[in-house]
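Q: Any chance you can model this:
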Amino acid sequence: MKLTDFVVKQAIIPDLKATTKETVIREMVSSLKNSGNIKAEDEDAVVAAILKREELGSTGIGNGVAVPHTKHPSVEELIATVAISRGGVDFASLDGEDVFILFLLVSPPDRPGDHLRGLENISRHLRSQDFCNFLKQSTTEKDIWELLSEADSSEDEA
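A: The predicted structure is shown next:
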């Protein structure tokens, strides 16, 4: 499974405006709605499901990264978006640091394997300091998409 298989190119946010955990999640889910991947009537329910998941423990995994996610019946396949926060967001991360890179995933409840593979794929790439640095420097949707594509093709070679 490649990043470009499930990240929605049209939903990438190169300059996140939101500044709190909840508004960040709302902005990212809204980008998935605006790209046609989540129905307008499901938007609030998806946001609520992600916030409920956050109550179990922050998805701010440290190193300036968060991966908010949920399973929701409104989607038929794993979808995700990427957002970059220029100023950083307090996401109650495990290391107490602000978050600058966010990947948000939504998957169907009946496809837990896809959900886990998506999370694993993202976290594997986010362990690379170079990948994170390049993401933070990306200023356009196109730059971010190219970086995701390069990460996918470097996997093919490994």
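Q: which residues are in contact with the top helix by length along the chain?
A: Secondary structure of the chain per DSSP state H: the longest helix is helix 141-157. With contacts defined as C-beta atoms under 8 Å, 6 or more residues apart in numbering, helix 141-157 is touched by 2-4, 7, 9-10, 12, 14, 82, 84, 125, 131, 134-135, 138. Every residue, glycine included, has its C-beta placed from N, CA and C.
Q: Run through the neighbouring helices and strands of the longest strand along the chain.
A: Among the segments of the chain that qualify as a strand by DSSP state E, the longest is strand 79-89. When contacts are defined as 3 or more C-beta pairs under 8 Å, 6 or more residues apart in numbering; DSSP states H and E, strand 79-89 packs onto helix 21-34, strand 99-107, helix 129-137, helix 141-157.
Q: among those, which is the most enclosed?
A: Of all the helices and strands packed on strand 79-89, strand 99-107 has the most neighbours on average by mean count of other C-beta atoms under 10 Å, namely a mean of 25.
Q: Tell me how far the helix or strand following that one lies from the chain's centre.
A: Scanning forward in sequence from strand 99-107 by DSSP states H and E, the next helix or strand is helix 112-126. Relative to the chain's own centre, helix 112-126 is displaced by 11 Å; criterion: C-alpha atoms, centre = their mean, to the nearest Å.
Q: same for helix 112-126, what does it pack against?
A: Against helix 112-126 (3+ C-beta pairs under 8 Å, 6+ apart) you get helix 3-6, strand 69-71, strand 99-107.
Q: From the rest of the structure, what touches the shortest one?
A: The contact list for strand 69-71, computed with C-beta under 8 Å, 6+ apart, reads 46, 49-50, 52-53, 59, 104-109, 112, 115, 118-119.
Q: let's see it at 6 Å
A: 49-50, 53, 105-107, 109 (C-beta atoms under 6 Å, 6 or more residues apart in numbering).
Q: is it true that Ser107 touches Leu78?
A: Yes - between Ser107 and Leu78 there is a contact under C-beta atoms under 6 Å: 4.3 Å.
Q: what's the overlap in contacts for the two?
A: Asp114.
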